[in-house]
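Enquirer: Attaching a predicted model along with its sequence, questions to come.
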Amino acid sequence: MAGRIEDYALIGDMQTAALVCRDGTVDWLCLPRFDSHAVFAGLLGTEEHGFWRLGPAHASDAEPPRATRRTYRGESLILESEWDTPRGTVRVIDLMPPRDGAPQLIRIVEGVTGRVPMRSALRMRFSYGRIVPWVHKHEGRTVAVAGPDSVWFDTEAETYGKGLTTYADFTVAPGDRIGFTISWQPSHKEPPPLPEPEQSLEATEDFWREWVEHCTYHGPYREAVIRSLITLKALTYAPTGGIVAAPTTSLPEEIGGVRNWDYRYTWLRDAAITLSSLLRTGYREEARAWREWLLRAVAGDPENLQIMYGIAGERELGEAELDWLPGYENSAPVRVGNGAAHQLQLDVYGEVTEALHLAHMTGLARNDYASLLQLKLIRYLEQHWDEPDEGIWEVRGPRRHFVHSKVMAWVAVDRTIKLLESGEADGPLEKWRELRDDIHRDVCEKGYDKERNTFTQSYGSKELDASLLLIPQMGFLPPDDKRVIGTIEAIQRELSTPDGFILRYPTSGEEEGVDGLPGDEGAFLACSFWMADDLAMIGRVDEARKLFEKLLALRNDVGLLAEEWDPRLKRQVGNFPQAFSHVPLIDTALRLTASGAYGG
């Protein structure tokens, strides 16, 4: 059985990523890209679906010992796990070096004290655990082959096969260091070069040290901010600049439920807000690369803007179910692809325009086509802003006039007006000023409940929605507007868990709710950070800081967050780690630091 979601740590090479459990098991790895088929899919099934365990030898593989402690090495993505055993202490160093060739997962075992018996158990399964590869020796190396894929396993330790699994049993003493590496290569090509684990470790550490040096944030929450930034960088697909929402699929929003989605794609919304956080902390190169990715993905067709694309800009992300996988803790179905790709979500136009605006404001070199794209997006919104859509949460129920979508349409027009006013582009300035006023008036008349003094989820509804917390952050209304304060207080009353965390919107248990799905979900971490942000904006800074620090306490032992927090089970749920959780963590830390609202 897979560990709890928070039991996992992330390693990656900015093209794919692996999840390593506290017991030393790699339960998830897709090769060669984030969205490729998994070689280790035990996270969504059983050990039969692929895993790699490396840790102290023990009597039963059913209950391997958990690491006594683990941490990332400094400000890097190199994971160090240590076990204190009756025979001594041992350390396992896990990393994926930023690649210029074959993708590699490297594991180095280091003896610390005593003499510790160790075991490596490697079971490779291709196509999400469905295909057993042909495993054989080639010039002293172990290779697993199935169809177009091959994975090469290299170690100086002696290996043997048993039960369709490759094992190595060995003992380490102080100062011993034994490397293990798997490398992916197309099966029709020559074998990948022999790995050099120690040199790769040094180069990987240098890479992260140099990257972190660009960070301009040096406030009181630096540790949390740096870890979140490193996580966001790890979710960036280096060859194209695309940013995945998470490196996993089908980790459930409700344990045992059906709310299981594939997040290994580039949502324009998630990528745009990720870009904003990177820009605010000094990372312009990522912004430039994402802008180029956006221009390629959207191409000359902004009228058919998708809410998400593949990491290289692919448009077809057809959704399918993998019925041979039982799902994480029997949360089925397991889905790959995402059928929401072709939904109409008008807020995306606002997020993309806001990201382009911020890139311009922070000094990113002008790109004429980016300005042209922005103008095309507004011309589309001119004709469609007043239509119902599926909204930010990708509801699979009927379309509605979601207030957040209208607010973000206003943002798109407002930021484009600022572009025209700067003289960087030409367009019908007065016409779009009128459009901005029309959208603002429409939202305030149809999306606001005067009796309850709150904006609502959609026109004519009584339901609330945590996305309304973005109204002051986007500048739609000032923080001291009584409608803003009323909305914040209403969401605190109606969408707050007993711990003070925030739900996205009401769900209906066994009945289908506004999202067209049965079941419930946990508190949405991004929304909880938004609440902390809003509280700071309206002057309730102590309350904001306390909520923020409660949210920081939800991170796992290596500083990572999933999408949601289950307040009943007291555990993380949803795909992991989640960009949409780490971005607002950074943004709230910046706001609280600027306001001086932090503890000693």
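Expert: Received, thanks.
Enquirer: Count the residues that sit near the nearest residue to residue 99 once chain neighbours are set aside.
Expert: Nearest non-adjacent residue to residue 99, counting by Cβ to Cβ, 6 or more residues apart in numbering: residue 13, 5.1 Å away. Every C-beta, even on glycine, is put in place using the N, C-alpha and C of the backbone. Residues lying near residue 13 (other Cβ atoms under 10 Å) number 21.
Enquirer: contacting residues around residue 13?
Expert: By Cβ atoms under 8 Å, 6 or more residues apart in numbering, the contact set of residue 13 is 96, 97, 98, 99, 103, 104.
Enquirer: Now do the contacts for the last one.
Expert: For residue 104, the contacting residues are 13, 96, 97, 181, 182, 183, 195, 200, taking Cβ under 8 Å, 6+ apart as the criterion.
Enquirer: Now rank those residues by neighbours and give me the top one.
Expert: Neighbour max across the contacts of residue 104 (other Cβ under 10 Å) = residue 182, 27 neighbours.
Enquirer: How is that one assigned, secondary-structure-wise?
Expert: Under DSSP: H, G, I helix; E, B strand; the rest coil, residue 182 falls in the strand class.
Enquirer: surely it meets residue 155?
Expert: No - with contact defined as Cβ atoms under 8 Å, residue 182 does not reach residue 155; the gap is 9.6 Å.
Enquirer: tally of neighbours for the closest residue to residue 346 other than its chain neighbours?
Expert: Spatial nearest neighbour of residue 346, chain neighbours left out: residue 405 (4.2 Å); criterion: Cβ to Cβ, 6+ apart. Using other Cβ under 10 Å, residue 405 is surrounded by 28 other residues.
Enquirer: Tell me how far the helix or strand harbouring residue 405 lies from the chain's centre.
Expert: Residue 405 is part of helix 403-421, with elements assigned from DSSP states H and E. Distance of helix 403-421 from the chain centroid (Cα atoms, centre = their mean, to the nearest Å) equals 26 Å.
Enquirer: which helices and strands does it pack with?
Expert: Helix 403-421 is packed against helix 347-361, helix 368-384, helix 429-446, helix 470-473, with contacts defined by 3 or more Cβ pairs under 8 Å, 6 or more residues apart in numbering; DSSP states H and E.
Enquirer: So for the longest one, mean pLDDT?
Expert: When pLDDT is averaged over helix 429-446, the result is 98.
Enquirer: mind listing what's buried in it?
Expert: In terms of neighbour count (16 or more other Cβ atoms under 10 Å), helix 429-446 has its buried residues at 432, 435, 436, 439, 440, 442, 443.
Enquirer: what do you get for the first one?
Expert: By neighbour count on 16+ other Cβ under 10 Å, the buried set for helix 347-361 is 347-360.
Enquirer: So the residue nearest to residue 99 versus residue 209, what's the distance?
Expert: Going from residue 13 to residue 209 by Cβ to Cβ, to the nearest Å gives 16 Å.
Enquirer: Equivalent analysis for residue 288, please.
Expert: Residue 288 is 22 Å from residue 209, by Cβ to Cβ.
Enquirer: Looking at those two, which one has more neighbours?
Expert: Taking neighbours as other Cβ under 10 Å, residue 288 and residue 209 compare with residue 288 leading, 16 against 12.
Enquirer: and that one, what is it in contact with?
Expert: Counting by Cβ under 8 Å, 6+ apart, residue 288 makes contact with 241, 359, 364, 365.
Enquirer: need the strands for the stretch 101-250 of the chain, in chain order.
Expert: 104-114, 116-123, 134-138, 141-146, 149-155, 159-162, 165-172, 177-186, 236-237, 242-243 (DSSP state E, counting those that start in this stretch).
Enquirer: what's the most buried one of those?
Expert: Each of the strands of the stretch 101-250 of the chain was scored by mean neighbour count; the highest is strand 242-243, a mean of 26, by mean count of other Cβ atoms under 10 Å.
Enquirer: next structured bit after it?
Expert: Where DSSP H and E defines the elements, the next helix or strand beyond strand 242-243 is strand 266-267.
Enquirer: Let me know the next secondary structure element after that following strand.
Expert: Following strand 266-267 in sequence order, the next helix or strand is helix 268-280 (DSSP H and E).
Enquirer: Show the backbone phi and psi for the residue nearest to residue 99.
Expert: When read as degrees, to the nearest 10, the backbone of residue 13 gives phi -120, psi 20.
Enquirer: if I look at it, how far off is residue 101?
Expert: 11 Å.
Enquirer: got it, and residue 364?
Expert: Using Cβ to Cβ, residue 364 is found at 31 Å from residue 101.
Enquirer: Which of these two has more residues huddled nearby?
Expert: Taking neighbours as other Cβ under 10 Å, residue 364 and residue 101 compare with residue 364 leading, 17 against 10.
Enquirer: Distance check, the more buried one against residue 291.
Expert: Residue 364 is 7 Å from residue 291, where distance means Cβ to Cβ.
Enquirer: Centre of the chain to stretch 421-433, how far?
Expert: Worked out by Cα atoms, centre = their mean, stretch 421-433 lies 36 Å from the chain centre.
Enquirer: Begin at 599 from now on, thanks
Expert: Got it, the first residue is 599 from now on, which makes the last one we talked about stretch 1019-1031.
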